[in-house]
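A.B. asks: Sequence plus the predicted model coming up.
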Amino acid sequence: MAIEILMPALSPTMEEGTLAKWLVKEGDTVSSGDILAEIETDKATMEFEAVDEGVIGKILIAEGTEGVKVNVAIAVLLEDGEDASAAVASSAPAETATAAPAAAPAASSAAPVAVSVPQSPDWPEGTKMKQMTVREALREGMSEEMRADETVYLMGEEVGEYQGAYKISQGMLDEFGAKRVVDTPITELGFAGIAVGSAMAGLRPIVEFMTFNFALQAMDHIINSAAKTLYMSGGQMGAPIVFRGPNGAAARVGAQHSQDFAAWFMQIPGLKVVMPYSAADAKGLMKTAIRDNNPVIFLENEIMYGKTFEVPDVEDFTIPFGKAKIEREGSDVTIVTFGIGMTYALAAADKLAEDGISAEVINLRSLRPMDTETILASVRKTNRCVTVEEGWPQGSVGGYISGVIMQEAFDYLDAPVITCTGKDVPMPYAANLEKHALLTADEVVEACKKVTYR
Amino acid sequence: MSAKKADAKPNVSAEELMGHYREMLLIRRFEEKAGQLYGMGLIGGFCHLYIGQEAVVVGLEAAAEEGDKRVTSYRDHGHMLACGMDPKGVMAELTGREGGYSRGKGGSMHMFSKEKHFYGGHGIVAAQVPLGAGLAFADKYLDNKRVTFAYFGDGAANQGQVYEAYNMAELWDLPVVFVIENNQYAMGMSVKRSTKSPSLWERGAAYGIPGEEVDGMDVLAVKAAGERAVAHCRSGEGPYILEVKTYRYRGHSMSDPAKYRTREEVQKMKDERDPIEQVRDMLLTGKYASEDDLKAIDKEIKAIVNESAEFAKTSPEPDLSELWTDIYTDA
Ligand SMILES: Cc1ncc(C[n+]2csc(CCOP(=O)(O)OP(=O)(O)O)c2C)c(N)n1
Ligand SMILES: [Mg+2]
């Protein structure tokens, strides 16, 4: 997701300043520490450095401008793979937020505002592809990063000699040895803490939870240690760490082993949270997660491990965080989902098509940061939205999204957003009950029909 | 800290020995049947069999009194049968039917019986250990002279919450027997690969808890150790640790290919240490029973197990309204 570079406060008393000189231009690649601009404060002319890396997408305040208020966006930084149109989209909310309420009421239902949906190609047309399961993609993503960076290591229960409880790390002990593929005793709180400590001291751990149900044991280190250290240390040290493993319902494993924690983790500032759907997502996001200097919660799904997808057969394939993918274009309703929710959404979209309803399906992939721009752009086009997730309804991801839509695109909505979720119950074991506890494609169809008044 | 071990086998009546034989055999045949039903798709999810470990629960239940409590992990079928729960209700829970102990909502890993003082059936490794101490906390609080058996595995023994529970249990003299069922493996991880502690029960010494190691393939040795532990707890002296050395013959769960040990290792255990065979030998060589007597028991057990399987297949699925019940109780 594009990052806005804000006018910095470069002295304790500075409220505004002059943007004296840009030292970069649009299209320049910058990395953290590069000097971006000279800024005159009330006291002196200061050099202003980049903290993030990326490409300068757009300069919003021209050099020589006086009286630029602190925290006003002065430029937009694009992350890997984004193009400049994202910069415009991303700088748009300020305009639409003020412009829409006046313009929209009349326009919204009658003539949908033409908003071009930003394409999100993860690879250029004509890229050579290979078939791969999600499991293989995860493994390949981890292995490539471990080959590239000696400080990356994998730790968890049964990841080594057993070859992984779900065989994600199969063969990795052989390739990387016991120093870098570390079998732990059953001690989630302990090894999560050890991994975070090692990250603070310069390593880049990948912590596998056999399933995320067991991450509950380690919650304190994930949230109180990993997510907050950067902030508490004033930026001196953080925890570049990936916590990964299967999340959500498997099959018939009952209440303590079937739960989706996406909404839980998504709430925490300091964590990044991603959930891949396809093998390409899995590989591309995994590599980005390992390279990220922040703690990343990487939510996999046991049911998806064996599914096969196409993955670009290229040297170094990554997918940036904060970038949703429009998996299917449509005009009547926007279905926003992520992870295994995609399977329900795509099945529903097929069924809806038979009834002449065209659904646009957005695969979020990354929940924090979340690409709300893509959601909003789509909703401004379709005027209707259904969210789909496996987790529980109260405090859900969909609930958050519908809040964002209400705040940012209320006047574009022709129907209230419907959030499709798992049932508000612990997961039962009995086959018939479990089936009813889980989300179904039919429920998504029904919701889409409701918002389209069919 | 170790309590003295009994040096000779205690005298035992024919009736008692036959009882142990019958109960261990019930667990074995029940588990074999469960494995079969799993293969037929009638049982789903995780299913952890207790085959090989039967002497542990049968021996300890023989040391328990009416009203004593027990709590364990997901490997719980044996514990439920040994404390007198109905095989039909257990099997029907495995198949997720209305006739199951949790009316199909818990499954293999999560069953409970208030009547039999069985407090589950827990899927999170070691969570049952502080819960067990908590059951004992309530017993002490209510001054009802009950003892709790908190069972957990060698793998679970590495979880931090075990030691938090140990410390408080001893600090507050809680009447709980911590039973470490050391079957040598936690999924694929052998004890040797998970700790450098030479013994698990001795870790209790750091908190002042006495304990001992027990031959878990010998039901009489388990019972004798259980009696020492229970006497200690019931007299108000606080917790006690039993590290029961045992062995599981099957994989960790139904889907474990068990490549981490050799077939010979398993076979050797079966041939030389089998808890049921040991008692069978004792019964025959001590002339407590004839081959025919034992055959009659085998037949009787087979009938009970078949009946439970039949019940588990024919009991209806829970009503869909069950999805929404038991989330809360009346305020
Ligand atoms: C907190 C937690 N971590 C991991 C697991 C996955 N898991 C289930 S059983 C098991 C092995 C436990 O071994 P042990 O305690 O020796 O008991 P056993 O299975 O041998 O009876 C593991 C790792 C879990 N259920 N809970
Ligand atoms: Mg074990």
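C.D. replies: Thanks, I have the structure now. Ligands and ions are numbered 1, 2, ... in the order given.

A.B. asks: Just the element for the residue nearest to the spatial centre of chain B, please.
C.D. replies: Centroid-nearest residue in chain B, with Cα atoms, centre = their mean: B:H79, separated by 3.8 Å. Assigned by DSSP states H and E, B:H79 belongs to helix B:77-82.

A.B. asks: Check whether that helix comes into contact with ligand 1.
C.D. replies: No: judged by Cβ under 6 Å from any ligand atom, helix B:77-82 makes no contact with ligand 1; its nearest approach is 10.5 Å. Yep, even glycine has a C-beta here, placed from its N, CA and C like the rest.

A.B. asks: List the contacts of the residue nearest to the centre of chain B.
C.D. replies: Applying Cβ atoms under 8 Å, 6 or more residues apart in numbering or on different chains to B:H79 gives the contacts B:57, B:70, B:72, B:118, B:151.

A.B. asks: Format those as a markdown table; extra columns: distance to A:A437, pLDDT and secondary structure.
C.D. replies: What follows is the contacts of B:H79, written out as a markdown table (distance: Cβ to Cβ, whole Å; pLDDT from 0 to 100; DSSP: H, G, I helix; E, B strand; the rest coil):
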| residue | distance to A:A437 | pLDDT | secondary structure |
| --- | --- | --- | --- |
| B:V57 | 32 | 98 | helix |
| B:R70 | 30 | 98 | strand |
| B:T72 | 26 | 98 | strand |
| B:F118 | 26 | 98 | strand |
| B:Y151 | 30 | 98 | strand |
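
A.B. asks: Name the nearest of these relative to B:F46.
C.D. replies: B:T72 (14.6 Å; Cβ to Cβ).

A.B. asks: contacting residues around that closest one?
C.D. replies: B:79, B:120-122, B:128, B:150-152.

A.B. asks: beta partners for the residue nearest to it when sequence neighbours are not counted?
C.D. replies: Nearest residue to B:T72, sequence neighbours excluded (Cβ to Cβ, 6 or more residues apart in numbering or on different chains): B:Y151, at 3.9 Å. B:Y151 has these beta-bridge partners by DSSP bridges: B:V179.

A.B. asks: does B:Y151 really touch B:S73, like I thought?
C.D. replies: Yes: between B:Y151 and B:S73 there is a contact under Cβ atoms under 8 Å: 6.8 Å.

A.B. asks: tell me, what's touching those two both at once?
C.D. replies: In contact with both B:Y151 and B:S73: B:Q128, using Cβ under 8 Å, 6+ apart.

A.B. asks: With adjacent residues omitted, what lies nearest to the residue in the stretch 51-200 of chain A that ligand 2 sits nearest to?
C.D. replies: Residue nearest to ligand 2 within the stretch 51-200 of chain A (Cβ to the ion): A:I186, separated by 9.7 Å. Nearest residue to A:I186 in three dimensions, chain neighbours excluded: B:G155, at 4.7 Å (Cβ to Cβ, 6+ apart).

A.B. asks: Now do the same for the helix holding B:H79: mean pLDDT, whole number.
C.D. replies: The average pLDDT within helix B:77-82 is 98.

A.B. asks: if we can go back for a sec, just send the contacts of B:H79 back as TSV, with distance to A:L173 too.
C.D. replies: Putting the contacts of B:H79 into TSV (distance: Cβ to Cβ, whole Å) gives the following:
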residue	distance to A:L173
B:V57	36
B:R70	38
B:T72	32
B:F118	40
B:Y151	32
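
A.B. asks: ok, those residues vs A:T318, which is closest?
C.D. replies: The closest of the contacts of B:H79, once distances to A:T318 are taken by Cβ to Cβ, is B:T72, at 45.9 Å.

A.B. asks: ok, so what distance separates B:S102 from A:N71?
C.D. replies: 56 Å (Cβ to Cβ, to the nearest Å).

A.B. asks: More neighbours: those two, which one.
C.D. replies: B:S102 (24 against 12; other Cβ atoms under 10 Å in any protein chain shown).

A.B. asks: list the contacts for that one?
C.D. replies: A:429, B:93, B:110-112.

A.B. asks: While we're on A:K69, how confident is the model there?
C.D. replies: pLDDT, A:K69: 87.

A.B. asks: I meant A:P121, not that one.
C.D. replies: A:P121 is given a pLDDT of 73.

A.B. asks: For chain B, give me its nearest residue in the stretch 301-450 of chain A.
C.D. replies: A:Y429 (3.0 Å; Cβ to the nearest Cβ).

A.B. asks: Contact partners for that residue?
C.D. replies: A:252-255, B:44-45, B:93, B:96, B:102, B:104-108, B:110.

A.B. asks: Tell me which helix or strand it sits in.
C.D. replies: A:Y429 belongs to no helix or strand, assigned by DSSP H and E.

A.B. asks: What sits closest to it if chain neighbours are left out?
C.D. replies: In space, and not counting its chain neighbours, A:Y429 is closest to B:G107: 3.0 Å by Cβ to Cβ, 6+ apart.

A.B. asks: Neighbours of that neighbour, how many?
C.D. replies: There are 32 residues near B:G107, going by other Cβ under 10 Å.

A.B. asks: and the gap between it and ligand 1?
C.D. replies: Separation of B:G107 from ligand 1 (Cβ to the nearest ligand atom, to the nearest Å): 14 Å.

A.B. asks: Thank you, goodbye.
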